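Visitor: Build me a model:
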Amino acid sequence: MPPPEPVRLFVFSHPNHELAVFGLARRWRPHFVFLTDGGGPDRVADTKHGLESLGLLDRARFLNHSEGSFYKALVNRDAAFYEGVARQVREAVAAVRPSQVYCDAVEFYNPVHDICLPVVKAALRGTPGVEVFEIPLIHQRPAVGEG
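Guide: As a prediction, this is how the structure comes out:
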C-alpha cells in the first residue's frame, strides 16, 4: 500500500499566484493562504472563482491585508506587523496540520513576494517535521555566456 499523500499548504503573498501551480492544485488539492488582497477585491474575486471551479475554495484562507500595509511595514521596520501576519499563518498551519508548506520564492523582484518565506518560517517556528519549499514566480533567461 502506498504511503498517504502529504497534507500541503500553499502560502502566497497575493491572490492569482495559485495560477503558477494550477496543475499541482488540481492534482494535490492543497490548502491555501493568501497574505494580501493583491491590490483589490477584483483580484480576490478572480482567485475565489478559480478555486471554486476546482472545488478548492473551502480550502482557502484570505488574510486580506492591503498591499500598502506590507510596504508601509517594510519602510517603517514594523516587525510587529509581520509577527501578526505570521501568527495568522500559524493559525492556518494549526488548522490544516500540513507536512509540506509551499510559498513564494525570494527572487528580489517584489518585496511582498520576498517577505512570504520569512513569514512562513516564523509561522512554523516550533513546528517540527514540516518541509518548506519555495515556488519561483518569475523566470529569467541566463545572459549570453552564462549557461
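
Visitor: can we go C-alpha only for contacts and neighbour counts from here?
Guide: OK.

Visitor: Excluding its own residues, what touches the lengthiest helix in the chain? List them.
Guide: The helix of greatest length in the chain, counted in residues with DSSP state H as the criterion, is given as helix 79-96. Where contact means Cα atoms under 8 Å, 6 or more residues apart in numbering, the residues beyond helix 79-96 that reach it are 7, 9, 31, 33, 35, 61, 63, 73, 119-120, 122-124.

Visitor: Skip ahead from that helix and say which helix or strand is next.
Guide: Towards the C-terminus, the helix or strand next in line after helix 79-96, according to DSSP states H and E, is strand 100-104.

Visitor: can you pull the buried residues of whatever helix or strand comes next after that next one?
Guide: Counting by DSSP H and E, the element after strand 100-104 in chain order, helix or strand, is helix 111-114. Residues of helix 111-114 classed as buried by neighbour count (16 or more other Cα atoms under 10 Å): 112, 113, 114.

Visitor: helices and strands around helix 111-114, which ones?
Guide: With contacts defined as 3 or more Cα pairs under 8 Å, 6 or more residues apart in numbering; DSSP states H and E, the secondary structure elements packing on helix 111-114 are helix 67-75.

Visitor: quick one, the helix it packs on and helix 79-96 angle?
Guide: Here the directions of helix 67-75 and helix 79-96 differ by 120 degrees (axes from the mean of the first three to the mean of the last three Cα atoms, to 10 degrees).

Visitor: Could you list the buried residues of helix 67-75?
Guide: By 16+ other Cα under 10 Å, the buried positions in helix 67-75 come out as 67, 70, 74.

Visitor: a markdown table for those, including pLDDT and distance to residue 48?
Guide: Below are these laid out as a markdown table (pLDDT from 0 to 100; distance: Cα to Cα, whole Å):
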| residue | pLDDT | distance to residue 48 |
| --- | --- | --- |
| 67 | 92 | 18 |
| 70 | 95 | 22 |
| 74 | 95 | 28 |
